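A.B. asks: need coordinates for the below:
(one chain, ligands or ions: 1)
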Amino acid sequence: MAIDQNEFKKEQKRVDKVVEVIEYKENKLVESTGGLKEDIIDIRKRFWEDVTVNVDEPDDIVESHATIKQQAEMLAERERSHKHYHKELKTLDRLKQNPYFGRIDFKEASEQEIEQVYLGIASLMDETNESFLIYDWRAPISSLYYDYTPGPAQYETPEETVKGNMELKRQFIIRNSQIKSVFDTGVTIGDELLQEVLGNRSDTHMKSIVATIQKEQNKIIRDDSSRLLVVQGVAGSGKTSAALQRVAYLLYRYRQTLNANNILLFSPNPLFNSYVASVLPELGEENMEQKTFQQYLEAELSPAFTVEDPFNQIEYTLSGREEEHYQIRMASIHLKSSLKFKRIMDDYIQQLGLKGMIFRNIKFRGKRLVTAQAIHDFFYSLDASQSITFRMEQVEAWILKELKKFERQERKKVWVNEAINLLDKGDYLEVDQAIEAKDGFHEDSFDDIEQEEARLSRLVVHRHFKPLYKKVKQLKFINIQAIYMALFKETFSSKPRRWKEIAQATINQLSQHQIYYEDATPYLYLKGKIEGRYQNTAIRHVFLDEAQDYSPFQIALLKEFFPKSKMTVLGDFNQAIYPHTENLTDLLADDVYDVEAQERIVLTRSYRSTYEITEFTKPIVEGNEEIIPFNRHGEKPTLTLVNDELGHREKLAKTIKALQEKGHETIAVICKTAKESDAAYDALSKAFDVRLVTKKTSTFEKGILVLPSYLAKGIEFDAVLIYNASKDIYTQASEAKLLYTACTRAMHELHLFSIGEKSSLLEKVPSELYTVLK
Ligand SMILES: Nc1ncnc2c1ncn2[C@@H]1O[C@H](COP(=O)(O)OP(=O)(O)OP(=O)(O)O)[C@@H](O)[C@H]1O
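C.D. replies: Numbers count the residues shown, from 1 in each chain. Modelled structure (predicted):
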């Protein structure tokens, strides 16, 4: 409901006043920090002038060290302040353009007065710092805006529940300090504003949704108590958006104890990283750490192994059907992704506590100093009731002690003398200084020369032993690879399907220092359980987007590796495109968390696509009946049937041109596989400026993109063209989710093409939901 002219003027006046305050604050900030930048430059410039470095005497060294430290601390402190002021200025600047987006008038039950609460991306106090002109959208009172319509309402503070009545709820669109529109709203966040936001062109960067967060999304964002928060949300329901605003919320709510480095988001592909990168900075927050699961695996397993990536795995799944070992590989993927395999692994690990651990010989200059057998015997001589990792610590200490003994013996060897002759002047100086420091200086004394020789040999031998100690401390004496491979030589009472063939294939692959994607997780799990050094306690919140693409074993691994972390798991079973995926409930079946510590939220409203596109995509996969399309209308999707390649190319070109003329800026030609993408790129690049997206692409740019379906995950485009939805391409029922995922990337227009007959997966879509073109 639009407001009257008088009221409008009043609101604009208030905006003007707020802008004045912002400018006043900006000026004050600039004044008080004016010299800060110059200060920093000056300190940096004169850093070495202001410290006196003197290394002549030990005392001088200590003093020099102290002055350098002092100077560095001063610089760091100034830089911190500078960063802080800079951030504050940036926030003020953002507020000046768009001070707030909402207002609620709230009368607390126990108060007489009605409080006007204006909501923006950050809070702002008046000149005297006494009252709030703008409340941060994350403040406790702000949740009223997202959760209620006018009438009785309440919100939670850390201390209590505040009850009262909401008298008014108003929305604003303010640009460049001018109110563009303002309306009072009865329904939760009014559809007008959403219509306006969603009707815009898509961008290469996701935007924040703070002005229009929906009630059910707000529940996800503000969940403070769950150890595990699971969100099953249909395509385009705002899972990623909610996750990112939740990060911003957590950073605000726990700002004293939590920072962006304590939060880790697992994202589906590198392109997605770039797509979501600007949401948090837009909200004045730093980005959390972001990784793909693959990057995580590689950090742990390379360089020992070349780790296959999931895109390679899926490409094989989709196009390797003709290959000889296809069925074995599929069985292997299913097995190794399952919790059943985790149980097999757990039994195996238990057994390793009693027998079967494999170690490496520790060699020095070609000679075995501690044999694998000796380590084995020592390990199993320890109390078997103690955990494996505890015993490994004792083994490590024992080996280090043994090596120390060998180190001492080694000093008398001939090679040491030879090595001493090769030492440089600095080494001699080091040894002399050490003798001096210990005994004082006796020039020409006989004893000194002997001492020097002894020290030199000690130095030489120690240097040679150092890398050995390092490896022992890294537990490299445990042969994890052999232990993992040995599992595949085991026989089981209830043998998994095709076990012998799977086992053979696994051993072959690992022997070449390559590890399949499906093996990386169980391998890392085993490594972690034996070495016990895998846990990351710095990370306090893990976000798992596109969680349906993780196997149950992968999720179990993450829980194990991030024991101190809360988890937010967001997914859509209908977009599960990997061969190993199961539904979210099964995924989390092996839960380590108490039921009370879990929250499950279901999102059924879809915001991304037009009503017509959502209605079209719904029937492609089963069980989609509950999806509620957002009431934003556009043209019906089209299906263009062509007879041959030439016709295909012509029609594609015509459609792309028409889309460009309409002003669509992100146009995606989505193919099933990378192989098909290459062909599409060849076909289109002569006529258009096209960009081929591969698994290595990490930036998202406007224009025409050609990409395989699995790399489009989590992203959206103005228009989507499905390159070839024919029965020859989408052949299997299992590929319905892939097609569904691809189609649901479209915001405004969706066009499918088919060379020859359309895929049977489209049979389920009623013909009145799309237009057939020939
Ligand atoms: N409350 C909201 N206000 C405005 N826009 C919203 C809101 N919720 C979602 N959207 C928009 O809907 C689109 C889809 O959101 P998002 O990508 O977060 O959904 P998703 O559930 O992660 O999708 P998918 O699983 O299909 O990748 C985005 O453009 C997002 O900005």
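A.B. asks: CA only for contacts and neighbour counts going forward, please
C.D. replies: Will do.
A.B. asks: how about the residues of the stretch 501-650 of the chain near the ligand?
C.D. replies: By CA under 6 Å from any ligand atom, the part of the stretch 501-650 of the chain that sits against the ligand consists of 607-608.
A.B. asks: show me the helices in the stretch 501-650 of the chain, by range?
C.D. replies: Per DSSP state H, counting those that start in this stretch, the stretch 501-650 of the chain has helices spanning 517-531, 552-561, 584-587, 611-617, 645-661. These are given in chain order.
A.B. asks: contact residues of the chain facing the ligand?
C.D. replies: Within the chain, the positions near the ligand by CA under 6 Å from any ligand atom are 194, 198, 207, 209, 212-214, 233-241, 607-608, 713-715.
A.B. asks: so which of the residues you listed are in helices?
C.D. replies: Using DSSP state H, the members of those that fall within helices are 194, 198, 239-241.
A.B. asks: mind telling me which residue of the stretch 301-450 of the chain is nearest the ligand?
C.D. replies: Scanning the stretch 301-450 of the chain for the residue nearest the ligand gives Phe311, at 17.4 Å (criterion: CA to the nearest ligand atom).
A.B. asks: helix, strand or coil for the nearest residue to that residue once chain neighbours are set aside?
C.D. replies: The spatially closest residue to Phe311, leaving aside those adjacent along the chain, is Lys695, at 7.1 Å (CA to CA, 6 or more residues apart in numbering). Reduced to three states with DSSP: H, G, I helix; E, B strand; the rest coil, the structure at Lys695 is coil.
A.B. asks: which stretches of this structure have low pLDDT?
C.D. replies: Along the chain, segments meeting pLDDT under 70 span 1-2, 34-40, 43-44, 47-62, 78, 186-191, 201-203, 435-449, 492-493, 577-597.
A.B. asks: show me the strands in the stretch 651-774 of the chain, by range?
C.D. replies: For the stretch 651-774 of the chain, the strands defined by DSSP state E, counting those that start in this stretch cover 666-671, 690-692, 703-708, 717-722, 746-755, 771-773.
A.B. asks: oh sorry, the question was meant for the stretch 301-450 of the chain
C.D. replies: Shown for the stretch 301-450 of the chain, the strands assigned by DSSP E, counting those that start in this stretch span residues 306-307, 362-364, 367-370.
A.B. asks: highest mean neighbour count out of those strands?
C.D. replies: strand 306-307 (a mean of 19; mean count of other CA atoms under 10 Å).
A.B. asks: OK, now which residue of the stretch 551-700 of the chain is nearest to the ligand?
C.D. replies: The ligand sits closest to Arg608 of the stretch 551-700 of the chain, with a gap of 4.0 Å, by CA to the nearest ligand atom.
A.B. asks: in the longest strand anywhere in the chain, what counts as buried?
C.D. replies: Here the longest strand in the chain is taken by residue count, with DSSP state E as the criterion, and it is strand 161-175. By 16 or more other CA atoms under 10 Å, the buried positions in strand 161-175 come out as 163-174.
A.B. asks: partners of that strand, with directions?
C.D. replies: Within its sheet, strand 161-175 is paired with strand 102-108 (antiparallel), strand 151-156 (antiparallel), strand 178-184 (antiparallel), according to DSSP bridges.
A.B. asks: so Gln154 touches Lys163, yeah?
C.D. replies: Yes - contact between Gln154 and Lys163 holds when scored by CA atoms under 8 Å: they sit 4.3 Å apart.
A.B. asks: list residues touching both of these two?
C.D. replies: Common contacts of Gln154 and Lys163 (CA atoms under 8 Å, 6 or more residues apart in numbering): none found.
A.B. asks: rewinding a little: wait, the residue of the stretch 551-700 of the chain closest to the ligand sits on Ala746?
C.D. replies: Yes - between Arg608 and Ala746 there is a contact at 7.5 Å, judged by CA under 8 Å.
A.B. asks: mind listing the shared neighbours of these two?
C.D. replies: Residues touching both Arg608 and Ala746 by CA under 8 Å, 6+ apart: Glu716.
A.B. asks: could you list every helix and strand in contact with the lengthiest helix in the chain?
C.D. replies: For the chain, the longest helix by residue count, based on DSSP H, is helix 5-50. Applying 3 or more CA pairs under 8 Å, 6 or more residues apart in numbering; DSSP states H and E, one finds that helix 5-50 contacts helix 58-97, strand 178-184.
A.B. asks: out of these, the one nearest Val431 is which?
C.D. replies: In terms of CA to CA, the element of the helices and strands packed on helix 5-50 nearest to Val431 is helix 58-97, at 15.1 Å.
A.B. asks: so which bits of the closest one are buried?
C.D. replies: Within helix 58-97, the residues that qualify as buried are 63-65, 68, 71, 75, 78-79, 82, 85, 88-89, 91-96, counting by 16+ other CA under 10 Å.
A.B. asks: cool, and stretch 692-709?
C.D. replies: Going by neighbour count (16+ other CA under 10 Å), the buried part of stretch 692-709 is 692-695, 700-709.
A.B. asks: so how far does that stretch reach from one end to the other?
C.D. replies: In terms of CA to CA, to the nearest Å, the two terminal residues of stretch 692-709 are separated by 13 Å.
A.B. asks: neighbouring contacts of that stretch?
C.D. replies: By CA under 8 Å, 6+ apart, the residues outside stretch 692-709 that reach it are 203-205, 269-275, 311, 665-674, 676-678, 680-681, 689-691, 711, 738-739, 741-742.
A.B. asks: just give the number of residues close to Asn176.
C.D. replies: 12 (other CA atoms under 10 Å).
A.B. asks: could you measure from it over to Met206?
C.D. replies: Computed with CA to CA, the distance linking Asn176 and Met206 is 21 Å.
A.B. asks: show me what contacts the residue of the stretch 551-700 of the chain closest to the ligand?
C.D. replies: By CA under 8 Å, 6+ apart, the residues touching Arg608 are 198, 235-237, 716, 745-747.
A.B. asks: wait, which of those residues is closest to Ala653?
C.D. replies: Closest approach between the contacts of Arg608 and Ala653, by CA to CA: Ala746, at 18.2 Å.
A.B. asks: identify all contacting residues around stretch 520-532.
C.D. replies: Stretch 520-532 is touched from outside by 297, 300-301, 307, 336, 342, 345, 349, 388-389, 392, 475, 480, 484, 534, 553-554, 557, with contacts defined as CA under 8 Å, 6+ apart.
A.B. asks: no no, stretch 350-366
C.D. replies: Outside of stretch 350-366, the residues within contact range by CA under 8 Å, 6+ apart are 368-373, 375-376, 380, 384, 387-388, 476-480, 482-483.
A.B. asks: restricted to buried residues, select these in PyMOL.
C.D. replies: Buried residues within the contacts of stretch 350-366, as defined by 16+ other CA under 10 Å, are selected in PyMOL through the command that follows:
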select buried, resi 369+370+371+372+375+376+380+388+476+477+478+479+480+482+483
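A.B. asks: now, the contacts of stretch 350-366 that are in helices?
C.D. replies: Counting by DSSP H, the part of the contacts of stretch 350-366 found in helices is 372-373, 375-376, 380, 388, 480, 482-483.
A.B. asks: out of these, who's nearest Pro637?
C.D. replies: Ile480 (53.3 Å).
A.B. asks: grab the nearest non-local neighbour of the closest one.
C.D. replies: In space, and not counting its chain neighbours, Ile480 is closest to Lys527: 6.3 Å by CA to CA, 6+ apart.
A.B. asks: how near is that neighbour to Ala66?
C.D. replies: On the measure of CA to CA, Lys527 and Ala66 end up 43 Å apart.
A.B. asks: and what of Val772?
C.D. replies: In this structure, Val772 and Ala66 are separated by 78 Å, where distance is defined by CA to CA.
A.B. asks: with Leu475 instead?
C.D. replies: As judged by CA to CA, Leu475 and Ala66 stand 37 Å apart.
A.B. asks: Gln327 too?
C.D. replies: Applying CA to CA, one obtains 67 Å for the distance of Gln327 from Ala66.
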